[in-house]
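**Student:** Any chance you could fold what I've pasted below:
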Amino acid sequence: MAARIEHLVTSGEFTLDGGTWQVDNNVWLVGDDHEVLVIDPAHDAEAVAAAVGDRRLVAIVCTHGHNDHVNAAPELADRTGAPILLHPDDAVLWQQTHPERKPDADLADGLRLTVAGTDLAVLHTPGHSPGAVCLHAPDLTTLFSGDTLFSGGPGATGRSFSDFPTIIRSIRERLLVLDPDTVVRTGHGDSTTIGAEAPHLAEWVARGH
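**Tutor:** This next block holds a predicted model:
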């Protein structure tokens with residue numbers, strides 16, 4: 001039986017380039033009754049740990065290094081013993097939030113993570129940040145997109161370490177080639193599908209969004 005997907009929303013602050021914003025984050029859990037993987041533990045380690053319950057936490061996966069996606073990771077790791085995984089290109093962002101603690105292992109394009117008999121493939125999708133990744137779970141017809149792709153367009157690229165042409169290339173070459181029925185479970189806000197977003201690529205490019 002394939003793993004199931006669970007969803008938790010946590011709230012807190014996103015801080016970068018001297019600014020601070022209140023944000024709601026999607027925290028995703030993939031697993032079964034025995035083991036689980038957490039994607040982007042944001043703001044509230046206690047709430048995420050409660051969602052994990054007494055299951056074995058296989059890994060804590062951070063889709064990128066912005067503080068609102070990693071700020072609860074060390075506490076969750078300390079509570080559970082699970083390793084924190086991050087793409088090394090986002091080390092500089094991680095260090096802004098956790099200067100005394102490094103991730104435990106690197107994410108890399110093509111790496112496969114397995115939980116509850118279900119594979120998640122790591123797709124390196126830079127643009128929102130240098131080390132941004134998405135996780136593709138074909139058996140679940142799902143893409144966990146972090147802040148690379150949202151319902152309505154690409155993630156923000158107006159701040160440090162981001163680049164608009166790069167995120168467009170990542171979306172075009174790595175994400176829009178997936179099955180149109182693939183559900184895109186995002187880092188913030190509502191889910192969407194690849195098929196719903198693909199027709200709008202030219203609009204995004206035109207407005208430089």
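
**Student:** mind listing what's buried in the lowest-mean-pLDDT helix or strand in the chain?
**Tutor:** Lowest on mean pLDDT, DSSP states H and E among the helices and strands of the chain sits helix 201-207, with a mean of 92. By neighbour count on 16 or more other C-beta atoms under 10 Å, the buried set for helix 201-207 is residue 204. The C-beta positions use only the backbone N, C-alpha and C, and glycine is treated the same way.

**Student:** likewise stretch 159-173?
**Tutor:** Taking 16+ other C-beta under 10 Å as the criterion, stretch 159-173 shows 161, 162, 164, 166, 167, 168, 170, 171 as buried.

**Student:** what's near enough to touch the last one?
**Tutor:** For residue 171, the contacting residues are 125, 127, 148, 149, 154, 201, by C-beta atoms under 8 Å, 6 or more residues apart in numbering.

**Student:** Also residue 121?
**Tutor:** Residues counted as contacts of residue 121 (C-beta under 8 Å, 6+ apart) are 110, 111, 112, 135, 136, 137, 138.

**Student:** Just the buried residues from the residues you listed, in PyMOL please.
**Tutor:** Applying 16+ other C-beta under 10 Å to these, the buried members can be selected in PyMOL as follows:
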select buried, resi 111+135+136+137
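
**Student:** Format the contacts of residue 121 as CSV; extra columns: distance to residue 48, secondary structure and pLDDT.
**Tutor:** Rendered in CSV, the data for these read as follows (distance: C-beta to C-beta, whole Å; DSSP: H, G, I helix; E, B strand; the rest coil; pLDDT from 0 to 100):
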residue, distance to residue 48, secondary structure, pLDDT
110, 27, coil, 98
111, 22, coil, 98
112, 23, strand, 98
135, 17, strand, 99
136, 22, strand, 98
137, 19, strand, 98
138, 25, helix, 98
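
**Student:** picking up where we left off before, okay, and which of the contacts of residue 171 map to helices?
**Tutor:** With helices taken from DSSP state H, the overlap with the contacts of residue 171 comprises residue 201.

**Student:** Correct me if wrong: residue 137 contacts residue 120.
**Tutor:** Yes. The criterion here is C-beta atoms under 8 Å, and residue 137 meets it with residue 120 at 4.8 Å.

**Student:** That concludes my questions; thank you for your assistance.
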